[in-house]
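Chemist: Fold the following.
(one chain, ligands or ions: 1)
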Amino acid sequence: MASNAGQSTISLETIVSLAKRRGFVFQSSEIYGGLNGCWDYGPLGVELLRNIKDAWWRAMTYRDDVEGIDAAILMHPRVWEASGHVQNFSDPLIDNKTSKSRHRADHLIEGEIEKLRKKGRTEKAAELEAKLAAATDPSQLYQLIIEHEIKDPVSGTMDWTEVRHFNLMFKTFIGPLEDTSAVVYLRPETAQGIFVNFDNVRQSTRQKIPFGIAQIGKSFRNEINTKYFLFRTREFEQMEMQFFVKPGEDDKWYDYWLGERWRWFQDLGMTMERLRTKPHDKLAHYAKAAVDIEYEFPFGWGEIEGIHNRTDFDLSRHSEYSGKKLEYYDDQTKERFVPYVIETAVGASRSTMAFLVDAYREEEVNGEKRAVMRFHPRLAPYKLAVLPLVNKDGMPEFATRIYHDLQRHFKTFYDDSGAVGRRYRRQDEVGTPFCTTVDGQTLEDGTVTVRERDSMEQVRIPADALRTYVAERVGL
Ligand code: GAP
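Modeler: Next comes the predicted model:
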């Protein structure tokens, strides 16, 4: 596939509007005014999302050393105490009493640091940055906001409340009684379902370390500021893999998985100039190393995947909280140890947004504008569109036969309305890699034309060779 390098910057609005118009993504509960931070995938979006998840599943689990699972979204509440989410998974919030706007206190301070830098006051910026890094409780963040006279961007006042912590986990109740003993959480990450199943998977598959467990599933976070379309939402899908290794071999596997994950985006045709890796400045207390893979979205660089060395933190904590030892015995070396974990965590929804943005091009063809989604053929929602040149002389019958035959093998679309040029444009806009046209010659010799989306070149092939022709090029 052609590269995306040099693509002019497109606006997020262009993508959101195309996504809605062509049935990729709709606002959740739109007829009721929408629900903030939630989105629905339409007929084309669900195909794209499934193709991304499928590409990930194949890359990550169709190998000897990684097993797949699908754990329940609701888990025992002690899981979230052990993982640290009950205690730590919160944002520091501050409200402005005049504008009633709510902000993350740390983001306000980061904004101030940015402003100081832009004004050339680098020393002052560095000083504030150091204070922010050292602040461990909400009152220190509040002090920094007051000391630096940081104003509400909405009202311009300093009419602030205290800073309070707000836990991002959604709570609900199991059973009919809504009391504290019945509280359960919607999982905020898929990873914990993997840690608690470490022993089940190891025993049932007889895997030996190093090995991994992968899962794809919904996660929920009550984000304060949802933003940028699918980028930060309250309900989203994650694709996570935890790779269990012997302590001491963790650095090697961390590098290995970073390389694998980088290559995954490359293999799916992502513009490499729009990807970068960014090591974390601040590490979580349990992490030994962490790096983000970031994509350059229309609003700037944003994380799409994290690769983390989580040490033995998770298995040790679950051992402690459950009372069940989660260790590994190496019968070759006769050693017993708690494995270290290398985690790869990517958003299915967030990477769908990255693939949507990355695919979009506006081109000029014979003096006319065409919008084209240059999806990798494996990701494209439809693989083939079948078009009868005219709606007479037996062409629709021939085309319908092809369509019904191929639809059983890959997602195929049938379009008989309007001029062929316009039908091509409609398929370009949703990224269909191939269009086949049934014309007069087809009825004489059984051949059809096949037009390729990016080069717009056409070849003529026997209609009964179409299935193999498309499948080979799409990588099915
Ligand atoms: N288990 C580690 C973990 O969950 P994370 O960095 O919080 O790490 C991993 O999340 C990925 O999940 C992110 O890189 C992002 O792609 C996706 N993600 C996280 N929060 C999200 C949100 N609110 N909306 C959409 N995607 C999100």
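Chemist: how does this protein divide into domains?
Modeler: Under automatic domain parsing, the residue ranges defining each domain of the chain are 2-75+183-357, 90-167, 382-474.
Chemist: and Glu472, how many neighbours does it have?
Modeler: The tally of other residues near Glu472 (other C-beta atoms under 10 Å) stands at 9. In this view, the C-beta of every residue, glycine as well, is placed from N, C-alpha and C.
Chemist: Give the helix, strand or coil label for the residue in the stretch 1-150 of the chain that the ligand sits nearest to.
Modeler: When distances are taken as C-beta to the nearest ligand atom, the stretch 1-150 of the chain approaches the ligand most closely through Gly37, which lies 7.7 Å from it. Put simply, Gly37 is coil when judged by DSSP: H, G, I helix; E, B strand; the rest coil.
Chemist: correct me, but it touches Ile224?
Modeler: No: using C-beta atoms under 8 Å, Gly37 makes no contact with Ile224, being 9.8 Å away.
Chemist: So which of those two has more stuff around it?
Modeler: Each of Gly37 and Ile224 has its neighbours counted (other C-beta under 10 Å); Gly37 has more, 19 against 16.
Chemist: List the contacts of that one.
Modeler: Residues near Gly37 by C-beta atoms under 8 Å, 6 or more residues apart in numbering: 223, 226, 232-235.
Chemist: ok, now with 7 Å
Modeler: With contact taken as C-beta atoms under 7 Å, 6 or more residues apart in numbering, Gly37 is in contact with 223, 226, 233-234.
Chemist: Please apply the same query to Arg426.
Modeler: Counting by C-beta under 7 Å, 6+ apart, Arg426 makes contact with Asp415.
Chemist: Tell me if I am right that it is in a helix.
Modeler: Yes: using three-state DSSP, the assignment for Arg426 is a helix.
Chemist: Show the model's pLDDT score for whichever residue of the chain sits closest to the ligand.
Modeler: Closest contact between the chain and the ligand, by C-beta to the nearest ligand atom, is at Gly347 (2.5 Å). For Gly347, the model assigns a pLDDT of 98.
Chemist: Contact partners for it?
Modeler: Contacts of Gly347 were listed using C-beta under 7 Å, 6+ apart, and they are 236, 238, 304.
Chemist: Same question for Asn391.
Modeler: Residues in contact with Asn391 (C-beta under 7 Å, 6+ apart) are Asp416.
Chemist: and stretch 225-237, average pLDDT?
Modeler: The average of the pLDDT scores along stretch 225-237 is 93.
Chemist: Quick check: buried residues in it?
Modeler: Applying a neighbour-count criterion of 16 or more other C-beta atoms under 10 Å, one finds 226, 228-237 buried in stretch 225-237.
Chemist: Please apply the same query to stretch 244-259.
Modeler: Neighbour count says stretch 244-259 has 244-246, 250, 253-254, 257-258 buried, by 16+ other C-beta under 10 Å.
Chemist: Show me what that stretch is in contact with.
Modeler: Contacts to stretch 244-259, defined as C-beta under 7 Å, 6+ apart, come from residues 198, 209-212, 243, 288-289, 291, 307, 309, 312, 337, 339-342, 344.
Chemist: switch to 8 Å and redo it
Modeler: Under the contact criterion C-beta under 8 Å, 6+ apart, stretch 244-259 has outside partners 198, 209-213, 241, 243, 277, 288-289, 291, 307, 309, 311-312, 315, 328, 330, 337-342, 344.
Chemist: Return the members of these classed as buried.
Modeler: A residue is treated as buried here by neighbour count (16+ other C-beta under 10 Å); on that basis the buried members of the contacts of stretch 244-259 are 198, 209-213, 241, 243, 288-289, 291, 307, 309, 311-312, 315, 328, 337-342, 344.
Chemist: Quick check: beta-bridge partners of Leu384?
Modeler: Beta-bridge partners of Leu384, counted by DSSP bridges, are Thr412, Phe434.
Chemist: Counting neighbours, what do you get for it?
Modeler: Leu384 has 28 neighbours, counted by other C-beta under 10 Å.
Chemist: who touches it in this structure?
Modeler: Leu384 sits next to 406, 410, 412-413, 432-436, 466, 470 when contact means C-beta under 8 Å, 6+ apart.
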